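> I'll drop the sequence and a predicted model, then ask my questions.
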Amino acid sequence: MIGDTFTIENLERILEAMNKIAPIDRSQYFENYLSEVKERLRCAKSLAEKSTPQPTTEDKNLYGVTVRLKKSEVQMLIDKHGKEVTYVMINMLDNYKKRTNKEYNSDFHAINYWVVAWYRDIEKQEMI
């Protein structure tokens, strides 16, 4: 009865309008139609929940022996610090992880959180 091309928003508007009419018209036809609209709306919402696209997960690439970063993360580091400094910091983290057997949930956040500060400290010491 109701076309499959109705959107959730359209079905909600129809249901809202029908609920305003409901106290006036209680015929069997109206009740059947109201039930069908409610069922279509429930199905449409259920389908929308199931088909909601999941965020795509970009694969991480291995840099050095232990550092895993997405290409977009490497590009953000390069944009912020330059290519040479970025690869030096990745190498610093890689060496640290090999020495300590330490693992991080996010190597990108480790670099941003403490490797940058460590690099800057070394850079200052070498300038003195």
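Cool, the structure landed. Numbers count the residues shown, from 1 in each chain.
> Quick check: Ser27 vs Tyr33, distance?
Between Ser27 and Tyr33 the computed distance is 9 Å (C-beta to C-beta, to the nearest Å). Yep, even glycine has a C-beta here, placed from its N, CA and C like the rest.
> The two: which has the busier surroundings?
Neighbours per residue, other C-beta atoms under 10 Å: of Ser27 and Tyr33, the larger number sits with Tyr33, 16 against 8.
> Which parts of this protein are strands?
For the chain, applying DSSP state E gives strands covering 60-63, 67-70.
> And those, which one averages the lowest pLDDT?
Among the strands of the chain, strand 60-63 has the lowest mean pLDDT, at a mean of 91.
> tell me the helices in the protein, going along the chain?
For the chain, applying DSSP state H gives helices covering 8-21, 28-50, 71-81, 83-100, 107-110, 116-127.
> Comparing the strands of the chain, which stretch has the densest surroundings?
strand 67-70 (a mean of 20; mean count of other C-beta atoms under 10 Å).
> quick one: strands adjacent to that one?
Paired strands of strand 67-70, with direction, are strand 60-63 (antiparallel) (DSSP bridges).
> quick one: contacts of the strand it pairs with?
Outside of strand 60-63, the residues within contact range by C-beta atoms under 8 Å, 6 or more residues apart in numbering are Arg68, Leu69, Lys70, Lys71, Val74, Ile90, Asp94.
> hmm, try it at 6 Å
The list of residues contacting strand 60-63 from outside it, by C-beta atoms under 6 Å, 6 or more residues apart in numbering, reads Arg68, Leu69, Lys70, Ile90.
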